[in-house]
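Engineer: quick one: sequence plus predicted model below, questions after.
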Amino acid sequence: MFQIVQVWNTFFAQSMITFNKPYLTGKEVHYIQAAADARKLSGNGRFTRLCQEFFSQKYGFKHCLLTSSCTDALEMIALLLEIQPGDEVIMPSYTFTSCANAFVLRGAKIRFADCLPDHPNLDPLSVEPLVNPQTKAILVMHYAGVACDMEAFVLLCEKYNLYLIEDAAQAVGAFHKDKALGSLGHLAAFSFHETKNISAGEGGMLLINDSNFLERAEILWEKGTNRSAFARGEVSKYTWMDVGSSFLPSEITAAFLWAQLEHIEEIQQKRMDIWQNYYDEFKILEDTGKLKLPNIPSTAQHNAHIFYLLCDNETQRNDLIAHLAKNQIQGIFHYLPLHQSPFYQKTHPIRSYLPHCERFAACLLRLPLYVELSLEDQNQVIRVVKDFFFTNNL
């Protein structure tokens, strides 16, 4: 790990092909200025509504609430499900801390399940043995915008009367068969962090597919008040109705996001072209047994959020990161297993063994992928990776 830190320090000191570069459509500043000119900056204004309506109309989501982050959306989900101490939530260990924190903050016990053998997504077969009378929800994470086995998880939740949550942070514009990711669980969360396909710098969205949650979600979203109902003229004044927080973003964030959404098809297509070029060029490395490429199930229409390579072991992966850095290219690993984290082990002395999760954590390497990645730079990445495997006869 120290070697990787040294590599990153080298990266920041030099000009390299970066892992990510947020894309600007050219309209962001224009719409931010329009929000400023309207003197409506605090949120839930014109641009917030435009963004929410866009997702409902384009992808068929029942209800959408823009949030300051995906983390906020997940914390709202924990509140909406009335998670209490003693409740249990099953989720992947190979994911970001926000998934677990949202429910830990409410007192829940987290039960971590393993990845599929051939994909970082959650394995339904590893989930069912963890279900018990204290289980309240299953959270799935669509890694790299590739759909989980949603039929299996829907059936599991129906069988045990559980809530199904989609962490769709990486999955804007991705589908399971003909249904948009984020529309299949009771509740879901998107991210518009600067590393995502569609960015607002920071930002997220709560997707409400069970209408029973809508009224309370609006109250939580507006700091525990019925301010949204007041704005619609449904009540003569608004007051404190429930717990809540400042989950909604400013109109500045929403204005930036709207500029991105206007170009979503162009953004996604450019990313898909880059992703497919990587896949086609590296297929020879997979065919000769040198590495594994992303596995995309026939039921999944991904969104080219991540292109990763799966090395044989951690040493090889770290050596490849170092080789890329020497050639002015930033390649990076991804999640460290949450079940092995200092925080989790401090409170859970019984050690879990999740072999597939641990393998992905040790062997997965993400390559540069962003809209403005030139073909010349991508071909340089491809040449350097091939050189690593062929020159070293790996």
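Structural biologist: Now that the structure is in, tell me what you want to look at.
Engineer: can you give me the neighbour number for the nearest residue to Tyr278 once chain neighbours are set aside?
Structural biologist: Distances taken as C-beta to C-beta, 6 or more residues apart in numbering place Phe307 nearest to Tyr278, at 4.7 Å, with adjacent residues excluded. (Each C-beta comes from the backbone N, C-alpha and C, glycine too.) Neighbour count of Phe307, defined by other C-beta atoms under 10 Å: 23.
Engineer: isn't Phe307 up against Trp275?
Structural biologist: Yes: assessed by C-beta atoms under 8 Å, Phe307 is found in contact with Trp275 at 5.2 Å.
Engineer: give the residues shared as contacts by these two.
Structural biologist: Leu369 (C-beta atoms under 8 Å, 6 or more residues apart in numbering).
Engineer: rewinding a little: for the residue nearest to Tyr278, list the residues it contacts.
Structural biologist: Counting by C-beta under 8 Å, 6+ apart, Phe307 makes contact with Ile274, Trp275, Tyr278, Tyr279, Pro294, Arg366, Leu367, Leu369.
Engineer: can you give me the distance of the residue positioned nearest the centre of the chain to Val235?
Structural biologist: Geometric centre of the chain, nearest residue: Ala169, 2.5 Å, by C-alpha atoms, centre = their mean. Per C-beta to C-beta, to the nearest Å, Ala169 is found 34 Å from Val235.
Engineer: what are the ranges of the helices in the stretch 201-350 of the chain?
Structural biologist: Secondary structure of the stretch 201-350 of the chain (DSSP state H, counting those that start in this stretch): helices at 214-221, 227-231, 251-261, 264-287, 314-326, 342-347.
Engineer: now do the buried residues in the first one.
Structural biologist: Across helix 214-221, burial judged by 16 or more other C-beta atoms under 10 Å covers Arg216, Ala217, Glu218, Ile219, Leu220, Trp221.
Engineer: now it - C-alpha only, CSV.
Structural biologist: Provided in CSV are the C-alpha atoms of helix 214-221 (Å, rounded to 0.1, in the frame of the first residue of the first chain):
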residue,chain,number,x,y,z
LEU,A,214,-43.6,10.1,-0.4
GLU,A,215,-45.4,12.3,2.1
ARG,A,216,-43.0,11.6,4.9
ALA,A,217,-40.0,11.8,2.5
GLU,A,218,-40.9,15.4,1.6
ILE,A,219,-41.1,16.3,5.3
LEU,A,220,-37.7,14.7,6.1
TRP,A,221,-36.3,16.5,3.1
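Engineer: for it, packing partners?
Structural biologist: Under the contact definition 3 or more C-beta pairs under 8 Å, 6 or more residues apart in numbering; DSSP states H and E, helix 214-221 sits against strand 63-67, helix 70-80, strand 204-208, helix 227-231.
Engineer: hmm, who's touching it?
Structural biologist: With C-beta under 8 Å, 6+ apart as the test, helix 214-221 has contacts from 62-63, 65, 67, 76, 79-80, 206, 208, 225-226, 228-229, 241-245, 247-248.
Engineer: pLDDT on that helix, on average?
Structural biologist: Helix 214-221 shows a mean pLDDT of 96.
Engineer: how much does that helix deviate in direction from strand 63-67?
Structural biologist: Relative orientation of helix 214-221 and strand 63-67, computed by axes from the mean of the first three to the mean of the last three C-alpha atoms, to 10 degrees: 10 degrees.
Engineer: from what I see, Phe54 and Leu261 are in contact.
Structural biologist: Yes: judged on C-beta under 8 Å, Phe54 makes contact with Leu261 at a distance of 5.2 Å.
Engineer: hmm, back to that, surely the residue nearest to the centre of the chain and Ala188 touch.
Structural biologist: No: using C-beta under 8 Å, Ala169 is not in contact with Ala188; the gap is 9.6 Å.
Engineer: state the three-state secondary structure for the closest residue to Leu248 other than its chain neighbours.
Structural biologist: Nearest-residue entry for Leu248: Gly43, 4.3 Å, with adjacent residues in sequence omitted and distances by C-beta to C-beta, 6+ apart. In three-state terms, and counting by DSSP: H, G, I helix; E, B strand; the rest coil, Gly43 is coil.
Engineer: burial count for Gly43?
Structural biologist: Gly43 has 21 neighbours, counted by other C-beta under 10 Å.
Engineer: equivalent analysis for Glu266, please.
Structural biologist: Counted with other C-beta under 10 Å, Glu266 comes out at 12.
Engineer: select the longest strand from the chain.
Structural biologist: Using DSSP state E to define each element, the chain has its longest strand at strand 135-141.
Engineer: if I look at Ala102, how far off is Pro120?
Structural biologist: According to C-beta to C-beta, Ala102 and Pro120 sit 20 Å apart.
Engineer: err, Ala200, not the other one
Structural biologist: 25 Å.
Engineer: can you check Phe213 too?
Structural biologist: Per C-beta to C-beta, Phe213 is found 28 Å from Pro120.
Engineer: mind checking which of these two has more residues around it?
Structural biologist: Neighbours per residue, other C-beta under 10 Å: of Phe213 and Pro120, the larger number sits with Pro120, 27 against 21.
Engineer: wouldn't the more buried one be in contact with Gly145 here?
Structural biologist: No: here Pro120 does not reach Gly145: they are 11.6 Å apart, not a contact under C-beta under 8 Å.
Engineer: circling back to that earlier point, what backbone torsions are found at the residue nearest to Tyr278?
Structural biologist: When read as degrees, to the nearest 10, the backbone of Phe307 gives phi -120, psi 120.
Engineer: no further questions, thank you.
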